[in-house]
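Student: predicted model and sequence follow; I will ask about them next.
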Amino acid sequence: TMPKEPAVLHRNILDTTAAILACGIDPKKCFLFRQSLVPEHAELAWILGCLTNVPRLLRLPQWKMKRASQNSEGTVGLLTYPVLQAADILLYKSTHVPVGEDQVLHLELAQDIAQHFNKKYGEFFPVPKAILSEL
């Protein structure tokens, strides 16, 4: 949600990929891809954003904390980031999502969005359940 220099962003992508591989993720046994190259993430985030009300996003504690660190301004990207997270989850019709305690409210938003979408358009998205991690 913060602007990055293109060279730094590219290096971060490579470093993150290297870290994932170093953790033992085997690309022969899973799909490893750069999310920003999949336009459906942003497209679904737009659709879901049209179903999400602003007051709900303004109540999320991460928005309040990050906004405070940005001199009380905050960006649209920061405000709508939880909707993008919901799109990331729902796009793949995930049924279970590993989350830490700090992301439970964002997963609850994804659950609410899935239920709202399903009620309006028919059963389409599973309502994802949290797999809480102590790490």
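Tutor: It's in.
Student: ok, which stretches of the protein are helices?
Tutor: Taking DSSP state H as the criterion, the chain contains helices spanning 6-22, 39-49, 54-58, 61-69, 76-90, 104-121.
Student: any idea which of these is most buried?
Tutor: Greatest average neighbour count among those goes to helix 76-90 (a mean of 20), per mean count of other C-beta atoms under 10 Å. All C-beta atoms are positioned from the backbone trio N, CA, C, and that covers glycine.
Student: name the helices or strands packed onto it?
Tutor: helix 39-49, helix 54-58, helix 61-69, helix 104-121 (3 or more C-beta pairs under 8 Å, 6 or more residues apart in numbering; DSSP states H and E).
Student: could the ones you listed go into TSV alongside mean pLDDT and distance to Val97?
Tutor: Shown next, in TSV, are these (pLDDT from 0 to 100; distance: least, C-beta to C-beta, whole Å):
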stretch	mean pLDDT	distance to Val97
helix 39-49	97	15
helix 54-58	93	19
helix 61-69	77	16
helix 104-121	96	6
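Student: so can I have TSV of the ones you listed showing distance to Thr95?
Tutor: Shown next, in TSV, are those (distance: least, C-beta to C-beta, whole Å):
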stretch	distance to Thr95
helix 39-49	17
helix 54-58	23
helix 61-69	24
helix 104-121	11
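Student: out of these, which comes closest to Glu5?
Tutor: Smallest distance to Glu5 across those (C-beta to C-beta): 20.0 Å, for helix 61-69.
Student: tell me the spacing between Leu105 and Leu57.
Tutor: Distance, Leu105 to Leu57, using C-beta to C-beta, to the nearest Å: 11 Å.
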